[in-house]
Every structure is written in C-alpha cells, then in structure tokens.
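Colleague: Sequence first, predicted model second:
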Amino acid sequence: MKFVQIIDFETERLDEMEQVFEEAGQRLAGRTGGPTHRILLKDRDNPRRYLALIEFDSHEEAMRNSDDPETSRMAEQLGALCVGERVYTNCDLLDASELK
C-alpha cells in the first residue's frame, strides 16, 4: 500500500529549502526506494506555513529512507531553515484520482 508522510512546517527561507531538495535529488538520482512524489502546499492564511506531502511505494520503503544517513542530513539542514517545530503525519494512501 502506498504511504504518504505529511510534513507541516513554517519557514521564511523556502528558496534555501528548495536548494537543499535539489542538491539531495542530484545526489540520490538513480537510487531506488526513495520518495516517488512530492507535493508542496502553501497556506494562504499564513504565508510562512507549508505542507509537504511525500509519497512512497510503501511504509517499509519510507522507513528505509528515513534510516538512510543522507536523509538524516537533509532533514537536519531543512530543520535549520524552519521556524519552530515540524509536525509529521503518517498516512496510508487509500485513494488518489484525477478529477476532470
């Protein structure tokens, strides 16, 4: 079953965070087992609040990714760019469809 982690965070340094994501993506290119999709949402009522939805093929893949030292380094870098604490919500993906 697909798995999605939602990360709720605040930052005033989104450009720097995007750079960390880009650099990590280049280092991890071709690696299997990592995230398959990422959606970034910006709160219209709080301009420094964001929600990142990170999709994995399974909960097990997400846990393996979480245990990777490269992931830990990236999370530490991103955390330093956040205001306050990040909130993580772990979800099983029951349905996803395009509505037209």
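Modeller: Noted; the coordinates are in hand. Numbers count the residues shown, from 1 in each chain.
Colleague: Would it be right to say that Ala52 lies in a helix?
Modeller: No: according to DSSP: H, G, I helix; E, B strand; the rest coil, Ala52 belongs to no helix; its state is strand.
Colleague: Quickly list what the closest residue to it other than its chain neighbours is bridged to.
Modeller: With sequence-adjacent residues excluded and distances taken as CB to CB, 6 or more residues apart in numbering, Ala52 is closest to Ile7, at 4.4 Å. The way it works is simple: take the backbone N, C-alpha and C, and place the C-beta from them, glycine included. Taking DSSP bridges as the rule, Ile7 bridges to Ala52, Tyr88.
Colleague: Can you verify my assumption that Ile7 contacts Glu85?
Modeller: No: counting by CB atoms under 8 Å, Ile7 does not reach Glu85; the two are 10.9 Å apart.
Colleague: Quick check on those two: which one has the bigger neighbour count.
Modeller: Shown here are Ile7 and Glu85; by other CB atoms under 10 Å, Ile7 has more neighbours (17 against 10).
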